[in-house]
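**Student:** This is a predicted model, with the sequence first.
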Amino acid sequence: MSLIELEMVSKSYPGPPRVDALVNVDLSAEAGDSLAVVGPSGSGKSTLLHIMGALDRPTNGLVRLDGNDVALMSDKQLSGLRANLIGFVFQDFFLLSGTTALENVAQGLLYRGVATGDRRIRARSALERVGLADRMSHLPTQLSGGERQRVAIARAILGNPAVVFADEPTGNLDSKTGAGIIDVLLGLNEAGTTVVVITHDREVAGRFGREISILDGRIAGERSA
Amino acid sequence: MKSKLRIRDIIVLGYQGILKRRGRSVLTAAGIAIGIAAIVAVLGISASGRSDLLASLDSLGTNLLRVTEGPGVLGQSTGFPDGAAEMAGRVGPVRRYSATTLVDTAVRRSNLIPEIETNGIGVFTSHQNLLEVVGGEMKEGRFLDEAADRLPLIVLGDVAAARLGIWNLDPRPRVLLDETWFTVIGIADELPLHPDLERGAFIGATIADQLFATPRAPSSIYLRVNPESIDAVVDVLPATISPNSPDQVEITRPSDALAARRAAEEALTGLLVGLGAVALLVGGVAIANIMVMSVLERRMEIGVRRALGATRAHIRAQFLFESTILAAAGGVVGVLLGAGITVAFAINRDLTLAVPIAGLFGSIGAALAVGGIAGLYPAIRAARIEPAEAVRTG
């Protein structure tokens, strides 16, 4: 059983004009994969990521996450899946302003009902894992872009999810900082976490085990290592 | 695999949401605080005022009737017959009675003051039990008694005494009635329901008859009546007192004035509480407004929380709790403010402080209800935001 299975998945947004963001996509990812999705902006990459991450439902087709058919799940069950199985990293970091790095990371376990003290202890070690041991009590505004993205990654991996999705994690960073972020993500993958990354940077994509090109909502090609 | 948010964390989230936007939160809660403060202060002040009013109503009694001679249908004035007071006293439910008769003279400090300067002071003869029947007391000295009936002795109402410049009985003050010096033997205390008696001077019936040819027939009769039978007494009094011209008998109930004042104050209180409720409502609308805005601004936060595993119910609870805390904080501040205003007012006006406990808790309850209802719509909107939409940047 694959960790993520997409069969004939389509997603369209009712218009006008009607937009077919994904058209008949078949894709699967195994536990331990490192997968890059590349394509120009507007090609449907983000939509694909949201559907793979149970953040959105397809218009048509079958999505199975860890064996669960997303179409049959309630909002509550999907939320449970996101809380326990999945971590998200966004291009714009999406940290809570006015909240320290440690507290931001600790939010990662908020919806699993973990007690505050335990959340903090685990947030501390997650921040150490991404190399931010000395930035725990800094506010987002006191951190560089790369540091903010590391905080976001720490938040995503806090609960040891089976899979981490990253939507253009290097999009707002210079190439050197971006390479550092990719290092962190690949490090996670080496430790056993499935990593799915969206990027439009071919060079970044080349560092991942699999590379899927997407164009106009269709899979245009795949390279496997 | 379940998503779960602890109650404690909902509380912390709501609390942090408010603290992060401190200025805005204070302004929003201020609306509720003003509404609640207005309601509490109005209730408190009117309760304090009312407790005094009720106390004075109780001490003065509501079962006192005052009978005077009115103009009658034809405008004629014949006066009450002799013994009218005694006849009234024989009506069954009448417990006690007293009467006064107006004396045709004026009180002066000395013969240097012109006789037309009466200072608005009326001279009366009266039954010895007048003060007991109308519910008054002596401030100084004693009231008229058997011995005073035929001697030039006089008792002054407190306003009359003040107008004559007589503050105490030492050394024995004297006043001039016509050409006779009368010695003041007593000053009565305030009689809030009887301004005419406060402005009165009282002398014995016998000496009034000798000096001023004052009739024995009363001009005003005061009756204490069994409270249950007041209406029946009022019905039979005119014919009893003045069988020949019952239409000239005018009956008033001095406590009606107080009761009317109380009714007026209650109406005003109702109006002010209504205004406070409107302020509370406006505060609620302000909370709803701010929360709707907050939901729009915090799309990203909502998206991230949903991505982290929050259910719609968790998002709803977070926003609902936030608006409820806002309202509760406003409510508590409002209650304190309102209670403070009540205390200050009561001290300033020397009223008996009466804190409406039910009103206090009721107001906080009302604030919570307003906050909850006001927060409902924004919370539902927040929960409805699609996570994929909220995290989309491009």
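**Tutor:** Yep, that arrived.
**Student:** can you tell me the helix or strand for A:Gly61?
**Tutor:** Under the criterion of DSSP states H and E, A:Gly61 resides in strand A:60-65.
**Student:** what comes up buried for that strand?
**Tutor:** A:61, A:63-65 (16 or more other CB atoms under 10 Å in any protein chain shown). C-beta coordinates here come from the backbone N, C-alpha and C atoms, glycine included.
**Student:** That strand packs against which elements?
**Tutor:** strand A:4-13, helix A:45-52 (3 or more CB pairs under 8 Å, 6 or more residues apart in numbering or on different chains; DSSP states H and E).
**Student:** That one pairs with which strands?
**Tutor:** Note on strand A:60-65: by DSSP bridges, its sheet partners are strand A:4-13 (antiparallel), strand A:68-69 (antiparallel).
**Student:** Is it possible to get a markdown table of those strands that adds mean neighbour count, mean pLDDT and distance to A:Val184?
**Tutor:** Below are the strands paired with strand A:60-65 laid out as a markdown table (neighbours: other CB atoms under 10 Å in any protein chain shown; pLDDT from 0 to 100; distance: least, CB to CB, whole Å):
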| stretch | mean neighbour count | mean pLDDT | distance to A:Val184 |
| --- | --- | --- | --- |
| strand A:4-13 | 18 | 94 | 21 |
| strand A:68-69 | 14 | 92 | 28 |
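**Student:** looking at those, which is closest to B:Gly89?
**Tutor:** Checking the strands paired with strand A:60-65 against B:Gly89 by CB to CB gives strand A:4-13 as the closest, at 96.6 Å.
**Student:** May I have the closest one exported as PDB, CA atoms only?
**Tutor:** Taking C-alpha atoms only, strand A:4-13 is exported to PDB below (Å, rounded to 0.1, in the frame of the first residue of the first chain):
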ATOM      1  CA  ILE A   4      -0.200   8.600  -1.100                       C
ATOM      2  CA  GLU A   5      -2.300   7.400  -4.000                       C
ATOM      3  CA  LEU A   6      -4.000   9.600  -6.600                       C
ATOM      4  CA  GLU A   7      -6.100   8.000  -9.300                       C
ATOM      5  CA  MET A   8      -7.600  10.000 -12.100                       C
ATOM      6  CA  VAL A   9      -7.800  13.100  -9.900                       C
ATOM      7  CA  SER A  10      -9.300  16.200 -11.300                       C
ATOM      8  CA  LYS A  11      -9.900  19.600  -9.600                       C
ATOM      9  CA  SER A  12     -11.800  22.300 -11.300                       C
ATOM     10  CA  TYR A  13     -13.000  25.600  -9.900                       C
END
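**Student:** Could you dump the buried residues of strand A:60-65 into TSV and include pLDDT?
**Tutor:** Output for those, formatted as TSV (pLDDT from 0 to 100):
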residue	pLDDT
A:Gly61	94
A:Val63	95
A:Arg64	95
A:Leu65	94
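**Student:** Can you name the residues that contact the closest residue to B:Glu137 other than its chain neighbours?
**Tutor:** Leaving aside its sequence neighbours, B:Glu137 sits nearest to B:Asp189 (CB to CB, 6 or more residues apart in numbering or on different chains; 4.7 Å). Counting by CB atoms under 8 Å, 6 or more residues apart in numbering or on different chains, B:Asp189 touches B:136-139, B:158.
**Student:** Can you turn the buried subset of those into a selection I can paste into PyMOL?
**Tutor:** In PyMOL, a selection of the buried entries from the contacts of B:Asp189 looks like this (16+ other CB under 10 Å):
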select buried, chain B and resi 136+139+158
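**Student:** List just the nearest of the contacts of B:Asp189 to A:Leu85.
**Tutor:** A:Leu85 lies nearest to B:Glu137 out of these, by CB to CB, at 87.4 Å.
**Student:** Touching, A:Val195 and A:Leu186? I think so.
**Tutor:** Yes: the criterion here is CB atoms under 8 Å, and A:Val195 meets it with A:Leu186 at 7.3 Å.
**Student:** all helices for chain A, in order.
**Tutor:** For chain A, the helices defined by DSSP state H occupy A:45-52, A:75-85, A:101-106, A:116-129, A:145-157, A:175-190, A:202-205.
**Student:** Distance from the longest one to the middle of the chain?
**Tutor:** The gap between where helix A:175-190 is centred and where its chain is centred comes out at 13 Å by CA atoms, centre = their mean, to the nearest Å.
**Student:** For B:Val292, give its distance to B:Thr183.
**Tutor:** Plainly put, B:Val292 is 82 Å away from B:Thr183 if you go by CB to CB, to the nearest Å.
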